[in-house]
Structure formats: structure tokens, C-alpha cells
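*Asks:* After the sequence you'll find the predicted model.
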2 protein chains.
Amino acid sequence: MNIPQSSKKRVVIIGGGFAGISLAKKLKNKNLQVVLLDKHNYHTFQPLLYQVATGGLEAGSIAYPIRKVMQDCPDFYFRLTSVKEIDADNQKIISEIGDLHYDYLVIATGSKTNYFGNKEIERNSMSMKTIPQSLNIRSLILENFEQAVLTKDAADKNALINFVLVGAGPTGVELAGALAEMKKAILQKDYPDLDIRKMEINLIQSGDRILNTMSEKSSKASEAFLESLGVKIWKNVRVTNYDGRTVTTNSELTFESATVIWTAGVQGAAIQGLSSEALIERVERIRVNEFNQVKGYDNIFAIGDIAAMESDANPQGHPMMAQPALQQGALLGENLVHLIQNQPMKPFLYNDKGSMATIGRNKAVVDLPKYHFSGVFAWFVWMFVHLFSLIGFKNKAVVFLNWVYNYIRFDREGRLIIRPYKKKSFTTFTSDEI
Amino acid sequence: MNIPQSSKKRVVIIGGGFAGISLAKKLKNKNLQVVLLDKHNYHTFQPLLYQVATGGLEAGSIAYPIRKVMQDCPDFYFRLTSVKEIDADNQKIISEIGDLHYDYLVIATGSKTNYFGNKEIERNSMSMKTIPQSLNIRSLILENFEQAVLTKDAADKNALINFVLVGAGPTGVELAGALAEMKKAILQKDYPDLDIRKMEINLIQSGDRILNTMSEKSSKASEAFLESLGVKIWKNVRVTNYDGRTVTTNSELTFESATVIWTAGVQGAAIQGLSSEALIERVERIRVNEFNQVKGYDNIFAIGDIAAMESDANPQGHPMMAQPALQQGALLGENLVHLIQNQPMKPFLYNDKGSMATIGRNKAVVDLPKYHFSGVFAWFVWMFVHLFSLIGFKNKAVVFLNWVYNYIRFDREGRLIIRPYKKKSFTTFTSDEI
């Protein structure tokens, strides 16, 4: 990988998400050689991916170049690659661009979509964990609308403008709200020759309430918000298959849709090579102790979504979201320095700052540890927190400008099919008249 | 194509560039049915493509959704498709999504890159006429730098960070300036482990001056600007081939480069089906009279880059740039109405407002019909004109914000490889050490 040997200890970080970047920043000027590996050359602000998918924001405004984070840090290296395997016996990782020795290894590979083994759903539905995936969703929505305009068969036409979102966690709920606003703001104006009333947004939840990691109050409020936007919520329904056109469920209920977005499950993006006791196979997460040390290893750590720190308070590990990732990354930055200096490490204590979700214009729900609220104020809090959390002044400014514009003009200009998405199934052209 | 029959005359416009959009806007509320066809669902502001390629602007800020232009116009239709052929005998066009009858046909397909028949150059070099192509250039530059970091062989490393721009028209010159600034603003900061002094920007011109469509004064000034930025200008050199690594020329001179951008020629993007007298084969442009009527046809018109209106003042037709396209589109909007009302049409008179090119920070050249100037004031004029010409308030605001940010911070944040570009040749990995 062409990284110089150095007298300093080498820390290799796999992944430039919230956890990896938070750790790298803490390791500046700590007399360590730091190598950060990622398969993208940018950090993604995942909480706003749904706005990229629905045309509200451009991809560039929620991405930040990783090399810029590392600028002006002597002995910091970034390499664009995918890591294939860890060879812990020889203290090295094996990647697409060669091997690399480490003194300390930090796995911060995050999570990926979990289809629970259903290959047909995986092949036919859309996922939204990365920027390219979000842009694919955007392209697919617009391509389906362009195709609907050409389609004479009523059933085909409806399927092309029907949406099924599987999973009503924060991603599914925020996406449902954004789609409902996209319908009003863009689609009904841009496609006057379609009967936009036929466009359905179906949100399917296997449990008996949406946003089930939040308070009951927030669940109820967000449900009311979504219904006021025309979203159809289906609770206690489990999707069993999707062949590219028909969604089948565990009941009689079926849906005809060309656009199914799957947000019903996440799992860790684990790497091969760790011992079996380190891996929780069912969720592909890595077992860590209170110092984020991987079970069975002294010099391998895992932080963020991939790390499952099982405790009495969190028997399954912490929730897979930004806050634990940021906090674990920052603490590990301190702990690595302590470890090298043979000082005791500090155990991780999760500071739950709460959670929130936005449903649309003036509508959000916020759960603080002791207080839950919803509505316009919650919406301002949501915007403020998200703007503030974006890395970089320019991204903050551009996102703010876009939000103001979209709010005032009831519009979104990102309705561009820059890279068409080639869907494998459901292509019917019934138009050939003059 | 599912377009309703109407008692109104149907005007079919092929292409949503400057000419097509300018025409469509003029045809609002003129008692016509208007169908606009384009293979993209957005209008591209081509003069700023080079800033997308070099990370200064995001793609979305120079694109505008075509359906938004057509909003609120009854009996206006947009269809996303490529037109394959014109069947003039039966007054219809044949497209990927079916046939369409026309009463009046307007060809506004613009231009494409001309490789003068050299397939190897076409295969190995980059072109910059569309947004996806600009994004490919951006990805390729960054991918080559990432690969250079990994490469030990000095010759390979140099080839990966060397640039050859073939053709010193406005596109080549502006791109050369932007690359020189990208080198300073981004690359030398982001890649501390590369010796950035080895990065060469070579601008090759077959004639004896650059910007040869502008005044001699502007040629000289822009040459001085480019040289002050470290660009190497090679005049009276003609590129004969490029195999993906070595650029050969008509002299002894060769260049080793993984990134060759070809801006040395354009030709019309002609459509099959017109009579041979209508087509100027050498440049693939369509012969039109002073009303933009295609030679030999009463109800087929061509406007913009594709149209060659040969006259004493412009024996080869007007220059292939935005101004003639905008003016021809607007005039044809009036003339079509006159034609239908059996009134005489007005001949086209080109109002040459001048031309300009920007070379970098504080540096531009402007040729007005009677006055030529360069430097900081020219640069402000250039920015003002381009900002003002962008469609839509939001694009103007976002581009302005980006320019201010890039100027103040000496930075460009668009260094993102969102969609990797797979180059076919020159892949050498020489890194496998630990």
C-alpha cells in the first residue's frame, strides 16, 4: 500500500463513517501513524440520504472528502480500498490493493441492509445505505414516472407510480414523509398527464407501531403526521416476497409496485478472519468489551454499528445509529493513547441524547431522555441538530439554502436522472401509436 | 408515445439544450401542441461543465429539470427518449419509445465530440459534452491520484498525474485553468505523499495560437495567464494517437498520460433520415436557410449547433455556441406562429454579443464586438454573465455560494468519486508490501 515504515505505532482504521472519522480526528498529533481505509473517498452523512433519494438535496452536500479531514496531519494516510480479510495471527489486513501490517486495528465498517436471506427481495428491491443507492432510488422513481406516462394499461400504470416502503424505523418513516412531499411538490406538477391521486405510498411495519425504538407518544404523533400526508400505514404485516412487481405478505394483502424500498433490517458489515467467539452471526456484529476491544483480541477494536457491546442496559448492544458511533470513536481515540502509555482505559458509557425523526414540512418528533415533543418546534430542533452535525461550513450553507428554497417554493430541484438506474424486472412498454 | 390527438398543430422539438428550451419557452400560450424530446430529463448549462469536472460545482447546480420549464403549459409534453430516425415522407419521427407524427419538426440536437475517425483516441480519451462525462472526468482524475499514491514505478506514477488536453478552444483553455487551480487548491493538500511538482498540465493546439476564435489580444492574454498557472502550452502540434498511455503527435514529441481530455473537435449530432442535400457530411451539421428551415423541407427546422446557416458573413454557419442557439430558438418561436398564420417569417440575423473565457482566479478574457479586455474586471464580467445565464434562482444562488466559498477558502469540495469510472487501459498495481 506504499505506506512508509515509521518508528511510531501504526493504527489502521477500516471505515470512514461517523465512528472512524470521529476516532481519526482524536488521533491527530498523538505520535501515531494513522491509516484510514474506506471504499469511498468521502464520508457520508447518512441521516440525510433520504433527502438525496427524494430530490431535496444534491449528493455533494451530504458528503465530505475524507482526505480533507486528514489534511495537515503528518503521518496520516488515506487509502481507497475494500478490506477483504483480517489476518490477526500476522497482525495484518488483506485488501484489494495489498496487505498492511497494523499495531492496532479498528474495525468501523458500519452496517448494511439485512434481507434476512431472501435473495429475491434483495434483487428486486432498493436499499438506501449509500449515496449511489440513494441516487439509484431517485433515478428509479423518475424513470418509473416517465414510463407511467407512456403506459396505457391501467394496472401497469398504477404499479409504476405506487410505492412500498418496508420497515417503519426512522429511515422508512422519513422516506415516506419525503415521498409524500415529493408527490405534492414535484410529481403532481411535473406530470399533468398522470392522475396523481393514484400514487400510493404504503409503509409496512411488521410490529404494532411505527418508530418502535422511540416513545409511544412519538409513534402516535408520527403516525398522525404521515396519515395527514396521505401515507397508508400497514401495521402487523410482514412482507414475504417481492418479484419485481408484486409484494406478497403473511396475510391476504398484496401490493403491485415497481418501487419497493427495503429498510426493514440492518446487520453489521463484518469482515472475515475473526474468531467465531468474536462474531454474533445472526446480526453479523462484532462482540466488544467496554473498551470496544474485540472479544479475544488485545489490539483489535470495533466501534460504531459493527460493534455490539452487550450489557445489562443494552443486552443486544447499542442502537445502530450515529450517536454511539461518534461517542465510541472519540473515547477510543483517548483509550488508544492510554493503552500505548500503559495507562488504564476508560469504559464506554453511552450518553443517550435522544432520538428524532422528521416527517415533512413543519412535522417532526423528538424524544429527549425525559421529554417527548412533536410538531413545528420539533421540526426546527431536528433541522438545527442536523445542520449543526454536518461536517464542513459549505455543506451546512448549501443544505440550509436548499431547505429554505424548498420550504418557500414548495419545490425540489434535484429531479435529475444523471445516471439511469437499470431495473432488472417489470419493463412493459405499451406505447407505439403515432 | 401516449400523446393525445389535438385540434392544434403539433410542434415536435428534438433536444432540450439552449436552442430547444429557448424555442419551447416562446411557444407558450400560442395555441400549439408542443412535444419536447430529450435523452436526459434535464437541461445542461454546458459552459460550466468544466467546473463540475474539476470539483468546483456539483452537477445539480448546472442542470435544470426540463419538466419544470414546461410546468403550467397546457398541451406541452415532455418525453424522455432518443430519436432514431426522421421519416419525412410520413411526417413522423421514430424513437426508442415509439413513433410520433408532427406538423412541424424542430431539430435541436446540438453537437458531439469529433474524433475525426480515430477510434483509438475515442476509446481511450475523455470527452466533456455532458454531465455524466464531466463526472467521469472528475472520478478518473481522483482515481488516478489514488492509484499514483500506491504506485512505486516513477514512470507509471508520473503518467498517472500527468494531464493532456487536446484542443485549446474555450473548453480546453478553461479546463486547463481549472485543473491548474485544482492542483493548488486540492491535490497538493490532499496528496502530501505525492510530489505534486511532477503533475503536468499540457495543453496541445494544432494551430499557432490558443483561443483562435477570439481576438489575438485575448489569445495572448490567456496564454500568459495559463503560463503563470504552470500550464504547458504546445502550439502547432497535432495529436495523432493515444493508446491509453502514450500520446503521439505529428512531431517527435510524445506524452505519457493516463488522463487525456479531447476537446479538439465538435460535430453536429445529426439524425438519420434527411436527404443528402440537407446534410453537410464532413461536420454532420444540417443545412438551413435564413429561417432555419432545413434545405428541401418546408416543415422541418434545425436550430443551434446542429444548424449550419451558410452566409457570406459565416460561410461555415454560425459558431457552435450558446448565443446563436438561444437567438435562433427565440426567433423560430415567433416564425412558427407567423408561418401558421400565413404571415412572412423574419430572417435570422446573428447578434454577436462577443465571447469570453475564464482561466482561473481573477483571470479571464472578454471580446466584445469593439472592445477586448482581460484580467480581474473581465473575470467579474465572466462570472456575472454566467450566473445571470443560469436558469432558475436556486442554481444561481448555489453556484454563487460555491464560487464565493471556493474563492475565499481556496478550496473545492466536490472531490468525490460517487460513481467510479472504469478506465479500460493502463492499470498497473505495483504495491503489495506490508
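*Replies:* Arrived safely. Only a predicted model underlies this, so the values are computations on that prediction, with no experimental measurement involved.

*Asks:* what residues go with each domain of chain A?
*Replies:* A:9-39+A:81-113+A:266-340, A:119-264+A:361-409 (automatic domain parsing).

*Asks:* Looking at the ones you listed, which one is packed in the most?
*Replies:* Sort the domains of chain A by mean neighbour count, taking mean count of other CB atoms under 10 Å in any protein chain shown, and domain A:9-39+A:81-113+A:266-340 sits at the top with a mean of 20. In short, each C-beta sits where N, CA and C put it, glycine included.

*Asks:* Save the domains of chain A as JSON lines, and put in distance to chain B and mean pLDDT too.
*Replies:* Written out in JSON lines, the entries for the domains of chain A read as follows (distance: least, CB to the nearest CB, whole Å; pLDDT from 0 to 100):
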{"stretch": "domain A:9-39+A:81-113+A:266-340", "distance to chain B": "4", "mean pLDDT": "96"}
{"stretch": "domain A:119-264+A:361-409", "distance to chain B": "4", "mean pLDDT": "94"}
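
*Asks:* Please produce TSV containing these, extended by distance to residue B:234.
*Replies:* As requested, the domains of chain A are arranged in TSV below (distance: least, CB to CB, whole Å):
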stretch	distance to residue B:234
domain A:9-39+A:81-113+A:266-340	34
domain A:119-264+A:361-409	36
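
*Asks:* The spatially closest residue to residue A:410 that is not a sequence neighbour and residue A:416, how far apart?
*Replies:* Excluding its sequence neighbours, the residue lying closest to residue A:410 (CB to CB, 6 or more residues apart in numbering or on different chains) is residue A:185, at 5.2 Å. Residue A:185 sits 15 Å away from residue A:416 when distances are taken as CB to CB, to the nearest Å.

*Asks:* so the residue nearest to residue A:410 sits in a strand?
*Replies:* No - counting by DSSP: H, G, I helix; E, B strand; the rest coil, residue A:185 falls outside a strand, being helix.

*Asks:* Who are the contact partners of it?
*Replies:* A:406, A:410, A:411, A:412 (CB atoms under 8 Å, 6 or more residues apart in numbering or on different chains).

*Asks:* any idea how far residue A:193 is from the nearest residue to the last one once chain neighbours are set aside?
*Replies:* In this case it means residue A:412. The shortest distance from residue A:412 to any non-neighbouring residue, by CB to CB, 6+ apart, is to residue A:55 (4.3 Å). To residue A:193, residue A:55 is 20 Å away according to CB to CB.

*Asks:* what about residue A:143, which SS state?
*Replies:* In the three-state summary, residue A:143 is assigned as helix, counting by three-state DSSP.

*Asks:* who's in contact with it?
*Replies:* Under the criterion of CB under 8 Å, 6+ apart, the neighbours of residue A:143 are A:417, A:420, A:421, A:423, B:80.

*Asks:* which SS state does the residue nearest to the spatial centre of chain A fall under?
*Replies:* Of all residues in chain A, the one closest to the mean position by CA atoms, centre = their mean is residue A:129, 3.9 Å from it. Three-state secondary structure (criterion: three-state DSSP) places residue A:129 in coil.

*Asks:* mind listing what it touches?
*Replies:* For residue A:129, the contacting residues are A:46, A:49, A:111, A:112, A:113, A:266, by CB under 8 Å, 6+ apart.

*Asks:* Let me have those residues in CSV, extended by secondary structure and distance to residue B:125.
*Replies:* Formatted as CSV, the entries for the contacts of residue A:129 read as follows, by DSSP: H, G, I helix; E, B strand; the rest coil; distance: CB to CB, whole Å:
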residue, secondary structure, distance to residue B:125
A:46, helix, 36
A:49, helix, 34
A:111, strand, 40
A:112, strand, 37
A:113, strand, 38
A:266, strand, 42
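
*Asks:* Go through the residues you listed and name the one nearest residue B:104.
*Replies:* Ranking the contacts of residue A:129 by separation from residue B:104, with CB to CB as the measure, puts residue A:49 on top at 44.6 Å.

*Asks:* Which residue lies closest in space to the closest one, excluding its sequence neighbours?
*Replies:* residue A:134 (4.6 Å).

*Asks:* check contacts around residue A:406.
*Replies:* Residues touching residue A:406, when contacts are defined by CB under 8 Å, 6+ apart, comprise A:56, A:185, A:412.

*Asks:* Closest one of the residues you listed to residue A:280?
*Replies:* If you rank those by distance to residue A:280 using CB to CB, residue A:56 comes first, at 35.9 Å.

*Asks:* Okay, that closest one and residue B:272: tell me how far apart.
*Replies:* With distances defined as CB to CB, the gap from residue A:56 to residue B:272 amounts to 40 Å.

*Asks:* same check, this time on residue A:110
*Replies:* Residue A:110 sits 50 Å away from residue B:272 when distances are taken as CB to CB.

*Asks:* Show me how far stretch A:83-94 is from its chain's centre.
*Replies:* How far stretch A:83-94 lies from its chain's middle: 27 Å, per CA atoms, centre = their mean, to the nearest Å.

*Asks:* Rebuild the contacts of residue A:406 as a markdown table, extending it with distance to residue A:214.
*Replies:* Formatted as a markdown table, the entries for these read as follows, by distance: CB to CB, whole Å:
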| residue | distance to residue A:214 |
| --- | --- |
| A:56 | 23 |
| A:185 | 26 |
| A:412 | 26 |
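
*Asks:* which residue ranges form the helices in chain A?
*Replies:* Secondary structure of chain A by DSSP state H: the helices cover A:18-26, A:49-53, A:66-69, A:119-124, A:131-150, A:154-161, A:170-182, A:188-190, A:216-228, A:322-340, A:376-389, A:393-409.

*Asks:* which residues does residue A:87 bridge with?
*Replies:* With DSSP bridges applied, residue A:87 shows beta-bridge pairing to residue A:92.

*Asks:* In this structure it contacts residue A:273, no?
*Replies:* Yes - with contact defined as CB atoms under 8 Å, residue A:87 reaches residue A:273; the gap is 6.1 Å.

*Asks:* overlap in contacts of these two?
*Replies:* Listed as contacting both residue A:87 and residue A:273 by CB under 8 Å, 6+ apart are residue A:94.

*Asks:* Hmm, residue A:73 is touching residue A:34, no?
*Replies:* Yes - applying CB under 8 Å as the test, residue A:73 and residue A:34 come out as touching, 7.4 Å apart.

*Asks:* any idea how far the residue nearest to residue A:412 is from residue B:175?
*Replies:* Residue A:55 sits 29 Å away from residue B:175 when distances are taken as CB to CB.

*Asks:* What of residue A:354?
*Replies:* When CB to CB is the yardstick, residue A:354 and residue B:175 sit 48 Å from each other.
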